[in-house]
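In: Show me the folded form of this:
(chains A and B, ligands or ions: 2)
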Amino acid sequence: MNNQRGCTVVLGGEAGQGVQYIESVLVRVAKESGFHVFADKEYMSRIRGGINTTVIRIHSERLQAHVEGIDVLVVLNRGVVSRLGGRVGTGTLIIGEESSLDGGEGVAVPFAAIALEIGRKIYANSVALGTVCGLLGIDRDRMADQVGRQLSGKDDEVVRANLLAATRGYDLGVDLRRDKGIDFGLKPAADVAEHLLLSGTEALALGALAGGCNAVFAYPMTPGTGVFTQLAQFSREVDLVVEQVEDEIGVINMALGAWYAGGRALVTTSGGGFALMTEGVSLAGMIETPVVIHLGQRPGPATGLPTRTEQGDLNLALYAGHGEFPRIILAPGTIEQCFSFARKAFNLADAFQVPVFLLTDQYLVDSIATIPDFGGNPVEIDQRVVETGEGYRRYRLTADGISPRGIPGYGSGSVCVDSDEHDEWGRITEDLDGVRVPMADKRLRKLDGLRREVLDPELTGDPDYSTLIVGWGSTCGVIREALAALAVPGLAFLFCPQVWPLPETVAGHLARARRIIAVENNQAGQFADLLQRETGAWIATRILKYNGMPFAVEELVARIGGEL
Amino acid sequence: MKEQTANEFDNRPEMAWCPGCGNYAIRNLMLQVLGEMRLERENLVFVSGIGQAAKAPQYYNVSYFNGLHGRALPAATGIKAANPRLTVVVESGDGDMYGEGGNHFLHAIRRNPDLTVIVHNNMVYGLTKGQASPTTPLGTVTPAQVHGVAAAPLNPLALAISLDASFVARVSVHRPEVMKAIVRQAIEHRGFSLVDVFQSCVTFNKVNTLRWFTDNTSEVPPGHDPSDRQAAFAMALREDPWPIGVLYRHHGRQTFEKGQKMYHADDTPLFRRRIDDAAMRTLIGRYR
Ligand SMILES: Cc1ncc(C[n+]2csc(CCOP(=O)(O)OP(=O)(O)O)c2C)c(N)n1
Ligand SMILES: [Mg+2]
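Out: Ligands and ions are numbered 1, 2, ... in the order given. Okay, here's the model as predicted:
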């Protein structure tokens, strides 16, 4: 088995089948058993059928990275083994119905027959779940307890039958563990109980609320939709306006209207939807109305691969919107950062009156992991709205370019915003040198203050490096783990959580390297291009991936290793 | 003119409209209505898109959001979402509202935010110099439609009634008293109210002139029942003459903002609400 202190379980089956049920019980029961968990999924763009797989890493240490190697593969359908191809190795224990093993080796377990004995075929998922739990040495009562919680609200008979099915599977798993002499070396970690278990989507939605988000507007588009539906769920309990708008153009304009009148709105979408918002982004730049945009990337162009992952929209976020105006782009690399950056985004938007992007991707938002709790005072809201008086000037020219932001309904002044070039009062103007130029300068002047608040890059590995790997966004975890596995002296990784504006320190880090390797989940190396343009560094080596899947640790170890 | 100078909503601006433009008449009437209604200036917001008509808010002493071409309605809806206590009036052109903003027009009506939407319908794209708008009559020759407009004109009233808009009216600049009374009713109405205003464009529309409005419109007959949707729809389809007045009214439709759970019982605006640590910890605690 390829992991010493943990194991990787992969579940594969049709959409709408049991993968999700098994996954959600398994990750929770693993966490309750004191293990760290990381899971990521890939799925086909359809409602039923196809093949979906979930990779679940159960470990004594906290990890956040996709891997290729599989210790235990649970197949719920024919075709899974063939689709996974080379990822299924000699060390992989395959469990499934005889008919689902694709003619290959594996332990045939009659999930369906056992389920039928209990009552209905649908209980097969619980049999499979039980088998995995037995195999991993998870406590039987813990498993039963979690199954019960998962099915709460269902009828007693259904719960009883599923519990029985899980127990039957569990006994088979225990036998298998003994017969095959399996030991994953799993040791509970004391701190896991203090951790949270949540997805990038959930973390981002919670972070938004903690930053004072009180309105969310969206038009459904994978993988941005999850944040919208999650917030819609939260709106049962907290004050939050939720509206599904007719199109993404409406979405961004509604969000700007809400911010203008004192709300703190989030929009969430993916590349195609965001493309429709670009004129609105430009409007935000012109009227200096804050807005927070979650852009969950998926492979393009056009509709691309709707349910897969890519980091292909950095340039889109960077350049979206005509004209010149400042913006901020944060790219969380971990699930913890999904929370903290979403929270920060609202305060940055409010402070600088600019659009703030949260640039994620399918892989990150759909991943779940055990992460440290956010602490006792998770709320951080820095609301900068001012009360207006007579003669209020929405665009008062100031030294730092930031004009105190009034809102209608709070003070006696008129709050006038105009997408035309405007004077300090927000009135349309055609005075070019007297008004246009000072206004344009004022808008761009905000960049100075904004650069002082950037998130610093994070350096890991050998501080006396000669080779420096650079990355941004969701590749953070996988690069870090690959680096640790490589353990090569002279090698370090610079993770850039903020991709615009870039921190000034980045140039220094790059300058100290003899060689720079960019790792990006896209085709061209968009971030490497940006770094070259902004710092003058030369980044010839680019490890890229754009088949719709995230990098795996083993793959990066080989590809980085191959460059050294 | 005398009420105008005393009017707190008048900012006596320099205006970028052509001499003789129907927009001046609309502006005067709007100022009178605002003055007479004694709306609180502090809680009044105008929203517009882009075009000559859309400049109107600039010429009042009010808060305004002069946004993008075609996008006034989503912005206005967002404003109501953030602060339901504000009175929000949208004022824009026919091209802006029915052309570029057509999709928002449909869905805003369905959503029914409490907005008053005043459309300066001069049946032409004025600012961009005379191209056809969605309401330009069939066959009209323009610099862009050189063989005459081939697309059937959009009937905003019929469309709005088909979507069960909560208040649908047409007025015309040649009947100022009717317009004043109806704009006032529209602002008082709770829900989406559409007021389509026949407006002359002296530069680019030589057909639909003041004279034409006088000759081709008549007030809806006193017997018309605005709560009768079928009758209202039939009335909206009439073109000879075109009806002036309130065609349709659906009282009691829930507004968009009231439909948001947080505003069911309390219309406190968003900027006066704040999530606290305890509520946040409760949500986070579920992920333990
Ligand atoms: C996205 C976009 N497309 C086109 C334009 C150009 N444009 C400005 S106003 C206008 C038409 C205005 O027509 P209408 O709304 O009827 O206003 P009017 O000038 O007739 O009062 C157009 C096409 C624009 N500003 N933005
Ligand atoms: Mg027009």
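In: Please tell me how far whatever residue of chain B ends up closest to ligand 2 sits from B:V141.
Out: Ligand 2 sits closest to B:G93 of chain B, with a gap of 3.8 Å, by C-beta to the ion. C-betas here are computed from N, CA, C, even on glycine. Using C-beta to C-beta, to the nearest Å, B:G93 is found at 20 Å from B:V141.
In: from memory the residue of chain B closest to ligand 2 sits against B:V119, does it?
Out: Yes: at 7.0 Å, B:G93 counts as touching B:V119 under the criterion of C-beta atoms under 8 Å.
In: Please say which of the two ends up with more neighbours.
Out: The neighbour comparison of B:G93 against B:V119 (other C-beta atoms under 10 Å in any protein chain shown) goes to B:G93, with 35 against 26.
In: List the contacts of the more buried one.
Out: Applying C-beta atoms under 8 Å, 6 or more residues apart in numbering or on different chains to B:G93 gives the contacts B:49, B:51-54, B:119-122, B:125-127, B:133.
In: Including secondary structure and pLDDT, could those residues go into TSV?
Out: Putting those into TSV (DSSP: H, G, I helix; E, B strand; the rest coil; pLDDT from 0 to 100) gives the following:
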residue	secondary structure	pLDDT
B:G49	coil	98
B:G51	coil	98
B:Q52	coil	98
B:A53	helix	98
B:A54	helix	98
B:V119	strand	98
B:H120	strand	98
B:N121	strand	98
B:N122	coil	98
B:Y125	strand	98
B:G126	coil	96
B:L127	coil	96
B:S133	coil	98
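In: Please identify which of those residues is nearest to A:G148.
Out: B:G49 (56.1 Å; C-beta to C-beta).
In: How about that closest one: what's its closest non-neighbour residue?
Out: In this structure, B:G49 finds its nearest non-sequential neighbour in B:D96, 3.9 Å apart by C-beta to C-beta, 6 or more residues apart in numbering or on different chains.
In: now do A:E288
Out: A:Q353 (4.2 Å).
In: ok now do that neighbour, which residues does it touch?
Out: A:288-290, A:402-403, A:405, A:446.
In: Redo those residues as JSON lines? Include pLDDT and secondary structure.
Out: Formatted as JSON lines, the contacts of A:Q353 follow (pLDDT from 0 to 100; DSSP: H, G, I helix; E, B strand; the rest coil):
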{"residue": "A:E288", "pLDDT": "98", "secondary structure": "coil"}
{"residue": "A:T289", "pLDDT": "98", "secondary structure": "coil"}
{"residue": "A:P290", "pLDDT": "98", "secondary structure": "coil"}
{"residue": "A:I402", "pLDDT": "98", "secondary structure": "coil"}
{"residue": "A:S403", "pLDDT": "98", "secondary structure": "coil"}
{"residue": "A:R405", "pLDDT": "98", "secondary structure": "coil"}
{"residue": "A:K446", "pLDDT": "97", "secondary structure": "helix"}
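In: For A:V192, state which of those is nearest.
Out: Among the contacts of A:Q353, A:P290 lies closest to A:V192 (C-beta to C-beta), at 37.9 Å.
In: doesn't A:V267 make contact with that closest one?
Out: No: using C-beta under 8 Å, A:P290 makes no contact with A:V267, being 11.9 Å away.
In: Ligand 1 versus the residue nearest to B:G49, what's the distance?
Out: 3 Å (C-beta to the nearest ligand atom, to the nearest Å).
In: Pull the contacting residues for that residue.
Out: B:D96 neighbours (C-beta under 8 Å, 6+ apart): B:48-51, B:53-54, B:69-70, B:72.
In: can you list those residues in a markdown table and add distance to ligand 2 and neighbour count?
Out: Output for the contacts of B:D96, formatted as a markdown table (distance: C-beta to the ion, whole Å; neighbours: other C-beta atoms under 10 Å in any protein chain shown):
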| residue | distance to ligand 2 | neighbour count |
| --- | --- | --- |
| B:S48 | 12 | 32 |
| B:G49 | 11 | 27 |
| B:I50 | 11 | 23 |
| B:G51 | 6 | 25 |
| B:A53 | 6 | 30 |
| B:A54 | 9 | 28 |
| B:H69 | 12 | 21 |
| B:G70 | 12 | 28 |
| B:A72 | 14 | 34 |
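In: Need the max-distance pair from these.
Out: Pairwise distances across the contacts of B:D96 peak at 12.5 Å for B:A53 and B:G70 (criterion: C-beta to C-beta).
In: how about the residues of the stretch 151-288 of chain B near chain A?
Out: The stretch 151-288 of chain B has residues B:256, B:260-262, B:269-271, B:273-277, B:279-284, B:287-288 near chain A, with proximity defined as C-beta under 8 Å from any C-beta of the partner chain.
In: Let's see which of the residues you listed end up in helices.
Out: B:256, B:277, B:279-284 (DSSP state H).
In: and the residue of chain A at minimum distance from chain B, what element?
Out: For chain A and chain B, the shortest gap (C-beta to the nearest C-beta) falls at A:G257, measuring 2.6 Å. A:G257 is part of helix A:248-260, with elements assigned from DSSP states H and E.
In: what mean pLDDT would you report for that helix?
Out: In this model, helix A:248-260 carries a mean pLDDT of 99.
In: And for stretch B:210-224?
Out: On average, the pLDDT along stretch B:210-224 is 97.
In: outside of it, which residues touch it?
Out: B:22, B:172-175, B:178, B:198, B:200, B:231-232, B:235, B:240-247.
In: So which of these are in helices?
Out: B:22, B:178, B:231-232, B:235.
In: Need the residues that contact the helix or strand harbouring A:L26.
Out: Per DSSP H and E, A:L26 falls inside helix A:19-32. Defining contact as C-beta under 8 Å, 6+ apart, one finds that helix A:19-32 is touched by A:9, A:11-13, A:37, A:39, A:41, A:52-54, A:56, A:58, A:74, A:76, A:125, A:128-129, A:132-133, A:136, A:138, A:142-143, A:146-147, A:149-150, A:192, A:195, A:197, A:368, A:370.
In: What residues sit buried inside stretch A:9-21?
Out: A:9-15, A:17-21 (16 or more other C-beta atoms under 10 Å in any protein chain shown).
In: Start and end of that stretch, how far apart?
Out: Stretch A:9-21 has an end-to-end distance of 14 Å (C-alpha to C-alpha, to the nearest Å).
In: burial count for the nearest residue to A:E555 once chain neighbours are set aside?
Out: Among residues not flanking A:E555 along the chain, A:E68 sits closest, at 6.2 Å (C-beta to C-beta, 6+ apart). Using other C-beta under 10 Å, A:E68 has 19 other residues around it.
In: And what about A:E68, helix, strand or coil?
Out: Three-state assignment for A:E68 (DSSP: H, G, I helix; E, B strand; the rest coil): coil.
In: any idea of the mean pLDDT for stretch A:380-396?
Out: The average of the pLDDT scores along stretch A:380-396 is 97.
In: That one and chain B, are they touching?
Out: Yes: Stretch A:380-396 is in contact with chain B by C-beta under 8 Å from any C-beta, via A:381, A:383, A:385.
In: Okay then, goodbye and thanks.
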